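K.L.:
got a predicted structure here, sequence first:
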Amino acid sequence: GELIIDFTSPDDLVENMDEIQEYLTRRYPDAYINLKRYNLMFKKYPIEAQFMGPDPAVLHRLADSARYIMEHTPEVRLITTDWEPQIPVLSIEYDQAAARALDLSRNDVSMSLLSANGGIPIGFFYEGIHRDNIYLKCLDEEGKPIEDLGNTQVFSALPSLNGLLNEETMVKLKAGTLSKEELVESLMGSTPLKQISKRIDIRWEDPVVPRYNGQRSQRVQCSPAPGIETEKARQIIARRIEQIELPQGYTLHWQGEKSASDESMEYLFKNFPLAIILMIAILIMLFKDYRKPIIIFCSLPMLLVGVVAVMLLTDKTFNFVAIVGTLGLIGMLIKNGIVLMDEITLQLNQGVEPITALVDSAQSRLRPVTMAALTTILGMIPLLPDAMFGSLAASIMGGLTFGTLITLLFIPVLYALFFHIKNEQ
């Protein structure tokens, strides 16, 4: 079942979520209760280690090893697997020759077993608006279920002549002394199950064997502990789980939010090369020169220094939303680079000395570029503690801060190198 709870404010959610989880887990230890906050990549189980291979017994062993690692890692909790508990299964080795001699079929055996256990549904009993099922059950003389399945009586769905072919019945039939009850017994007689089966036993089996891409698979699932980001918790257990020795023919894959993130990244970067080509083409048409676009694009990788630094300072994970924020910075830095390049070109056309034009252009663009970056950075501060968009805010704040320095300092240096501008003084 699933219960959706709407909180009056995000602060109430953060304050009460862990308390509710601990209370329900302590109050109902036999139930698996998982409180999950909806986010951009909502998955029922945020962290899933999936083992794939042919033998269920080996999959159980690998899953137990991964589960042991998770249970001894404080950064994760609510550990489970996607395999249901084993159930008792009645296994009968059917003796077809013996059953055929008694005019019994497999369907007769299955229907008789059903009547001896849960019962055969034969109708309904209505009392007002209430409806109850009517079952046909086979009980012993005391009205109790049959305890020994080998003694379950198997009835034929059709009358059988085998009962009339024995000598005693034929004599009574000729003499006219065969009673109606004896005739019905001869035609509709029953046979114990053990007479038409070679083996009857009960064993434990998995009710459902999950498959993934045609292979048997088992997933060990967990959730991050309070205050721990999903990807950080996964990385902690991944180091040890990936060291589990896998037999030949068995593989390990990470599902949950990890697979969702990888899939989103695949679609995100699918058309990224085309976007870069279009941006370069637009810049070349804008400047009518190939060196200026190269200068701008050479400065873009340097923004990762600021992104990584702020990620480490804020203890955030470089996840999908952080990558989206970093890609968004590319457009901002290209815009700042275009503004600075345009100012440099304007001063050079006015006859200003090249080295002076570089310095004055950086100084004149300092205030507008800095103010534009500062307003964006300050606007990201409220998102920084958010569990969903905190990484996005950190990547934009760090990348934009360092990107502004790149625009004002690094681009003039590259311009001087590409255009061979020297300080004559």
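P.N.:
Arrived safely.

K.L.:
what about Val109, neighbour count?
P.N.:
20 (other CB atoms under 10 Å). (Each C-beta comes from the backbone N, C-alpha and C, glycine too.)

K.L.:
element containing it?
P.N.:
Here Val109 is covered by helix 106-116, with elements defined by DSSP states H and E.

K.L.:
any idea how far that helix is from the chain center?
P.N.:
When distances are taken as CA atoms, centre = their mean, to the nearest Å, helix 106-116 is centred 41 Å away from the chain's centroid.

K.L.:
name the nearest residue to Pro224, ignoring sequence neighbours.
P.N.:
Residue nearest to Pro224 in three dimensions, not counting chain neighbours: Ala233, with 3.8 Å by CB to CB, 6 or more residues apart in numbering.

K.L.:
identify the residues contacting the one you found.
P.N.:
Applying CB atoms under 8 Å, 6 or more residues apart in numbering to Ala233 gives the contacts Ile47, Glu75, Val76, Cys222, Pro224, Ala225.

K.L.:
and Phe155, by the same measure?
P.N.:
Phe155 neighbours (CB under 8 Å, 6+ apart): Asp108, Met111, Ser112, Met188, Ser190.

K.L.:
can we see that at 10 Å?
P.N.:
Leu104, Asp108, Val109, Met111, Ser112, Ser115, Cys138, Met188, Gly189, Ser190, Thr191 (CB atoms under 10 Å, 6 or more residues apart in numbering).

K.L.:
out of these, which end up buried?
P.N.:
Neighbour counting by 16 or more other CB atoms under 10 Å classes Leu104, Asp108, Val109, Met111, Ser112, Ser115, Cys138, Ser190, Thr191 among those as buried.

K.L.:
which residues in the stretch 1-150 of the chain form helices?
P.N.:
10-27, 56-71, 96-101, 106-116 (DSSP state H, counting those that start in this stretch).

K.L.:
can you tell me which of those helices comes nearest to Arg239?
P.N.:
Arg239 lies closest to helix 56-71 among those, at 9.5 Å (CB to CB).

K.L.:
report the mean confidence score over the closest one.
P.N.:
Average pLDDT, helix 56-71: 92.

K.L.:
can you tell me the closest non-neighbouring residue to the most centrally placed residue in the chain?
P.N.:
In the chain, the centroid-proximal residue (CA atoms, centre = their mean) is Gly256; its distance is 2.8 Å. In space, and not counting its chain neighbours, Gly256 is closest to Glu48: 3.9 Å by CB to CB, 6+ apart.
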